[in-house]
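>>> this is a predicted model, with the sequence first.
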Amino acid sequence: MKPNINLYASTWIVLMLFWGCDKGPDLTPTTQEGKNTFSCKVNGKVWIPDGTGDWFGVARAINGGFAGYGSHNPPTIFIRTYSKEKTVLHVFLKTIEIGIHELDQDTYKIDRNFYPESYGWYQGADGISFMTSRNHTGRVVITKADTISGIVSGTFEFEGGNSLGKKVKITDGRFDVNTKTVNL
């Protein structure tokens, strides 16, 4: 049997195209050491915070961790992240308990006078926001919550929706934050 040179050449070209394509950044490793890492996929594309959270460039790309809202409220977990493209992602939990936490309640983003339900929130570069709710759900799995060392680690995924009927899918999320070294 005679070898088919066209088949070999076609296969080689296809393989070279796959190897030569820029696949973009990889997700950060899943760790529990307080490495101040955070990443996820937004609609299938890897998203890693690399920006600042305010006009003055003071707030880091990853902010938050353990937070308290007065003596009448229990401690919470609140992580805020920002990209240079002006996209923002928040994860808020009403508890610091290790385990699975569902993001399935109607709520509002955190502000100074309101104690919201646990939520996931994403804002695109166009300023359009997407949030978890009863209809757009997700979960956060806290794998480490050490208030002494300041380390909070876990994984997350959620679908966010908005009043315009648009959705965003956040998958493969992971974070490993040391609250003693990030802004709160």
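Received it, and whenever you're ready, just let me know what you need.
>>> what does the helix or strand containing residue 140 contact?
Assigned by DSSP states H and E, residue 140 belongs to strand 138-146. Applying C-beta atoms under 8 Å, 6 or more residues apart in numbering, the contact partners of strand 138-146 are 32, 66, 77, 91, 93, 96-104, 118, 120, 132, 151-160, 170. Bear in mind the C-beta positions are built from the backbone N, C-alpha and C, glycine included.
>>> with stretch 104-124 instead?
42, 69, 73, 78, 87-95, 101-103, 129-134, 137-138, 140, 156, 158, 160, 168, 170.
>>> in it, what's buried?
Residues 104, 107, 110, 116-124 are the ones in stretch 104-124 that count as buried (16 or more other C-beta atoms under 10 Å).
>>> which secondary element of this structure has the worst mean pLDDT?
Within the chain, no helix or strand scores below helix 5-20, which has a mean of 47 by mean pLDDT, DSSP states H and E.
>>> SS state for residue 35?
For residue 35, the assignment made with DSSP: H, G, I helix; E, B strand; the rest coil gives coil.
>>> downstream of the strand or helix carrying residue 122, the next helix or strand is which one?
Assigning secondary structure by DSSP H and E places residue 122 in strand 119-123. Sequence-wise, the next helix or strand downstream of strand 119-123 (DSSP H and E) is strand 129-131.
>>> and the contacts of that next one?
Strand 129-131 is touched from outside by 107, 109, 119-124, 136, 160-162, 166-168, with contacts defined as C-beta under 8 Å, 6+ apart.
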